[in-house]
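Undergrad: this one's sequence-less:
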């Protein structure tokens, strides 16, 4: 289900690379002797749209950005895996696959600015979380504060831009102590896998006690949102492979048609969502595999940003 490299708003990564190269020329020609053209640009009043952002560092071999998971269309063919098949563990992810790489404006990425002057799509939320003045507009002090946070949590590039990766890292930290503080996920005597689309985190609880997570995830995109409500894990396949899309779905646990918890061999920190599945890092998907069983309940609520 995963494995296709999605086009980024009509541009492939090759197209983005070409745009980067072209913009480098413009920046170099326009900067003059002082090289300060980008820094001299006025601060915009409106935030940079999330759809216009690009990865802030070049993708490496272990970072296939915008991995698609068109997995909502068809339910899998269910069968009972043999003990021999289940004994095989999925392959490891390449180093750096799940690095926290922020999405930034193209001009910031090209100019390699030290501290962004541009207003990010999560400016107000991040200002509020960091207890800064909440005006929804980037300032030098805002940039420094966001930059400190990014450096603390190894978010790259740490240029103080209020982007989605920084915001969702804050959401994870907010959920760590008590993910169900707002009681959005029903408390039952049995295991419930809680899928919070608002914060893009998931966990498992039983009788009010958290037995897994919370961990970050990636849910469905606009038009293919992960379906809300109650579901049940109906099939588990450790080494599932999508024959339709010729791509792996390690530790797949299906809970609603073609929607499943599963790992992806690519970044889950992308501006595009999945096509319905709950995508996880490999280590998290493996731990979840050991927690959930067939028949366990799944509860989904909220909305991923942009959906």
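TA: Perfect, I can see it now. What you are looking at is a predicted structure, and each value in this text was computed from that prediction instead of being measured.
Undergrad: number of residues surrounding residue 295?
TA: Under the neighbour criterion other C-beta atoms under 10 Å, residue 295 is assigned a count of 10. Every residue, glycine included, has its C-beta placed from N, CA and C.
Undergrad: thought it was touching residue 236?
TA: No: taking contacts as C-beta atoms under 8 Å, residue 295 lies outside contact range of residue 236: 10.3 Å.
Undergrad: residues that sit against both of these two, list them.
TA: Both residue 295 and residue 236 lack any common contacting residue under the criterion C-beta atoms under 8 Å, 6 or more residues apart in numbering.
Undergrad: residue 287: what secondary structure?
TA: helix (DSSP: H, G, I helix; E, B strand; the rest coil).
Undergrad: can you get me a residue count around residue 230?
TA: 12.
Undergrad: equivalent analysis for residue 190, please.
TA: Other residues lying near residue 190 total 10 when counted by other C-beta under 10 Å.
Undergrad: so it makes contact with residue 299?
TA: No: Residue 190 sits out of contact with residue 299 when judged by C-beta under 8 Å, with a separation of 11.6 Å.
Undergrad: residues touching residue 185, list them.
TA: With the criterion set at C-beta under 8 Å, 6+ apart, residue 185 makes contact with 179, 192, 194, 196, 205, 299, 301.
Undergrad: host element of residue 108?
TA: Assigned by DSSP states H and E, residue 108 belongs to helix 106-111.
Undergrad: how about that helix: buried residues?
TA: Judged by neighbour count (16 or more other C-beta atoms under 10 Å), helix 106-111 contains these buried residues: 107, 108, 109, 110, 111.
Undergrad: nearest spatial neighbour of residue 128, chain-adjacent residues omitted?
TA: Once flanking residues are discounted, residue 128 sits nearest to residue 134: 5.2 Å by C-beta to C-beta, 6 or more residues apart in numbering.
Undergrad: got it, and residue 155?
TA: Once its chain neighbours are removed from consideration, residue 155 has its nearest residue in residue 100; the separation is 4.4 Å (C-beta to C-beta, 6+ apart).
Undergrad: and the one you found, how many neighbours?
TA: Here the number of neighbours of residue 100 (other C-beta under 10 Å) works out to 16.
Undergrad: now for it: which residues touch it?
TA: Here residue 100 is in contact with 153, 154, 155, 156, 165, 169, 269 (C-beta under 8 Å, 6+ apart).
Undergrad: what do you get for residue 116?
TA: By C-beta under 8 Å, 6+ apart, the residues touching residue 116 are 104, 105, 108, 138, 143, 159, 160, 161.
Undergrad: that older thread, tell me what the helix holding residue 108 is packed against?
TA: In terms of contacts (3 or more C-beta pairs under 8 Å, 6 or more residues apart in numbering; DSSP states H and E), helix 106-111 is packed against helix 13-31, helix 37-40, strand 53-55.
Undergrad: mean confidence score for that helix?
TA: Per-residue pLDDT over helix 106-111 has a mean of 94.
Undergrad: show me what residue 237 is bridged to.
TA: With DSSP bridges applied, residue 237 shows beta-bridge pairing to residue 252.
Undergrad: does it touch residue 81 like I think?
TA: Yes: counting by C-beta under 8 Å, residue 237 sits close enough to residue 81 to count as a contact (6.2 Å).
Undergrad: and the residue nearest the centre of the protein?
TA: Computing the C-alpha centroid of the chain and ranking residues by C-alpha atoms, centre = their mean puts residue 269 first, at 2.8 Å.
Undergrad: and the gap between it and residue 100?
TA: With distances taken as C-beta to C-beta, to the nearest Å, residue 269 is found 6 Å from residue 100.
Undergrad: and for the two, which residues touch both?
TA: Taking C-beta under 8 Å, 6+ apart as the contact rule, residue 269 and residue 100 both touch residue 165.
Undergrad: would you map the helices across the protein?
TA: Secondary structure of the chain (DSSP state H): helices at 13-31, 37-40, 83-86, 106-111, 123-129, 140-152, 164-176, 282-291.
Undergrad: comparing those by mean pLDDT, which bottoms out?
TA: Taking each of the helices of the chain in turn, the lowest mean pLDDT turns up on helix 13-31, with a mean of 37.
Undergrad: in contact with the residue lying closest to residue 76 once chain neighbours are set aside, which residues?
TA: Sequence neighbours aside, residue 254 is the residue nearest to residue 76 in space, at 6.2 Å (criterion: C-beta to C-beta, 6+ apart). Residues in contact with residue 254, defined by C-beta under 8 Å, 6+ apart, are 75, 76, 233, 234, 235, 236, 237, 260.
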